[in-house]
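*Asks:* Show me how the following folds:
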Amino acid sequence: MAKSPQEEHPVKAFGWAARDKSGHLSPFHFSRRATGEEDVQFKVLYCGICHSDLHHIKNEWGFAMYPMVPGHEIVGEVTEIGSKVRKFKVGDKVGVGCIVNSCRSCDNCDNDLENYCPKLIPTYSSINQDGTLTQGGYSDIMVSNEHFVVHIPDSLPLDAAAPLLCAGITTYSPLKYFGLDKPGMHIGVVGLGGLGHVAVKFAKAFGVKVTVISTSLGKKDEALGHLGADSFLISKDEEQMQGAMGTMDGILDTVSAFHPLLPLIGLLKSHGKLIMLGAPDRPLELPVFPLLSGRKIIAGSGIGGLKETQEMLDFAAKHNITADIEVIPVDYLNTAIARLEKADVKYRFVIDIGNTLKRT
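*Replies:* Here you go, the predicted model:
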């Protein structure tokens, strides 16, 4: 007979979980493994709410596993380390992002690209090596192999640093990999949400000219005044879009809803790159002819490896880059999820786990 989540492991844990595709979250008792010789155990202090958490708890992508404790923007303080751990000590401020394990032996893993390992194990809603469900950061305690733990620089506030573990690396990595980090280049950022606002901050820190592309005129002042974007385009305004055609070296598309790609492709210079970062729940239409006339590229990018994630955090600390957040108590979770579904947040909810999650 299968053990209950409370009995699977020796370390008692508590969090909030979804039990079915309604996505409703409620208190949940479960357990974590004992700290192994290469493991880091830490007390969770904050956890960001990513848009993918919304997709997962409602099974919109079709591979949810319940009961599900979401959360992959997890920061806290080390409470215990295994005998072979060398990179961390008790009291360190640390984080865990979207991955808690990988095969560690494939070409991707050998090249610090654990995020593209065919056997990667996501932080939640996946099967761990011991056959139990992985559970995320809407909880009071985490245990992870030290390879998948990162240092949070002292100068970064923990609450506003948490979203960098997903939103930060998701935008930093493609800017670097696709060569869109050169001063004087011009990039577009489609969507000014959890990913988009951080993309603007990283791009500006690289010295890049940034145009925010949005369907909402209401975000113009925020984009230009607060985030420091250089220009703003309304994607539904044909005259504005026509005037900007052929001006951009690259575009980061952060939108996770269905939307047309043709207008965005038109904004690219020859050899320009449209990088997809959002994950719509149905296929987008791909117009080919506009790609041919200009050797343009549409590509995708998903988070980053652990080495690059640490590099991103160190860069963020150097340039004082954090997410714009709204800190919430854990009992506000379902309201926050409903607001997130309506894009009613600037720009990332972060749960104050340390002060508001109390075992019942």
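*Asks:* What strand or helix carries residue 48?
*Replies:* strand 39-49 (DSSP states H and E).
*Asks:* Quick check: mean pLDDT of that strand?
*Replies:* pLDDT averaged over strand 39-49 equals 98, rounded to a whole number.
*Asks:* Give the pairing partners of it; include direction for each.
*Replies:* In its sheet, strand 39-49 lies beside strand 74-81 (antiparallel), strand 141-145 (antiparallel), strand 348-352 (antiparallel), with partners assigned from DSSP bridges.
*Asks:* tell me which residues in the first one are buried?
*Replies:* Burial within strand 74-81, assessed by neighbour count using 16 or more other Cβ atoms under 10 Å, is assigned to 74, 75, 76, 77, 78, 80, 81. Every C-beta, even on glycine, is put in place using the N, C-alpha and C of the backbone.
*Asks:* do stretch 150-159 as well
*Replies:* Buried residues in stretch 150-159 (16+ other Cβ under 10 Å): 150, 152, 156, 158, 159.
*Asks:* cool, and stretch 95-112?
*Replies:* Neighbour counts using 16+ other Cβ under 10 Å place 95, 96, 97, 98, 99, 100, 101, 102, 106, 108, 109 of stretch 95-112 among the buried residues.
*Asks:* could I get those as TSV with pLDDT?
*Replies:* TSV is the format used below for the buried residues of stretch 95-112 (pLDDT from 0 to 100):
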residue	pLDDT
95	98
96	98
97	98
98	97
99	97
100	97
101	97
102	97
106	98
108	98
109	98
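*Asks:* which of those residues sit farthest apart?
*Replies:* The most widely separated members of the buried residues of stretch 95-112 are 95 and 106, with 24.2 Å between them, by Cβ to Cβ.
*Asks:* Just give me the closest of the buried residues of stretch 95-112 to residue 165.
*Replies:* residue 97 (3.7 Å).
*Asks:* surely the closest one meets residue 71?
*Replies:* No - no contact is recorded between residue 97 and residue 71 when judged using Cβ atoms under 8 Å, the distance being 10.4 Å.
*Asks:* any residues in contact with both of those two?
*Replies:* Taking Cβ atoms under 8 Å, 6 or more residues apart in numbering as the contact rule, the neighbours common to residue 97 and residue 71 are residue 123.
*Asks:* circling back: what's the closest of the buried residues of stretch 95-112 to residue 327?
*Replies:* Within these, proximity to residue 327 (Cβ to Cβ) peaks at residue 95, which comes in at 16.4 Å.
*Asks:* Quick check: pLDDT value at the nearest residue to that closest one once chain neighbours are set aside.
*Replies:* With sequence-adjacent residues excluded and distances taken as Cβ to Cβ, 6 or more residues apart in numbering, residue 95 is closest to residue 75, at 4.5 Å. pLDDT recorded at residue 75 is 98.
*Asks:* And the one 10 residues further on, by the same measure?
*Replies:* The score at residue 85 is 97. That number is its pLDDT.
*Asks:* For it, the count of nearby residues, please.
*Replies:* By the other Cβ atoms under 10 Å criterion, the neighbourhood of residue 85 contains 19 residues.
*Asks:* same thing with residue 343?
*Replies:* With neighbours defined by other Cβ under 10 Å, the count for residue 343 comes to 15.
*Asks:* which stretch of helix or strand covers it?
*Replies:* Remark: residue 343 resides in no helix or strand, with elements defined by DSSP H and E.
*Asks:* just for the chain, where's the confidence low?
*Replies:* Low-confidence regions of the chain, defined here as pLDDT under 70, cover residues 1-2.
*Asks:* about what we covered before: and after the strand holding residue 48, which helix or strand comes next?
*Replies:* Using DSSP H and E, the helix or strand that directly follows strand 39-49 along the chain is helix 51-57.
*Asks:* Which strand or helix spans residue 284?
*Replies:* Per DSSP H and E: nothing holds residue 284, as it lies in no helix or strand.
*Asks:* One more: residue 308?
*Replies:* Mapping residue 308 onto the secondary structure by DSSP H and E places it in helix 306-318.
*Asks:* and what of residue 203?
*Replies:* Assignment of secondary structure by DSSP H and E places residue 203 within helix 194-205.
*Asks:* could you give the angle of that helix to helix 306-318?
*Replies:* Relative orientation of helix 194-205 with respect to helix 306-318: 70 degrees, computed using axes from the mean of the first three to the mean of the last three Cα atoms, to 10 degrees.
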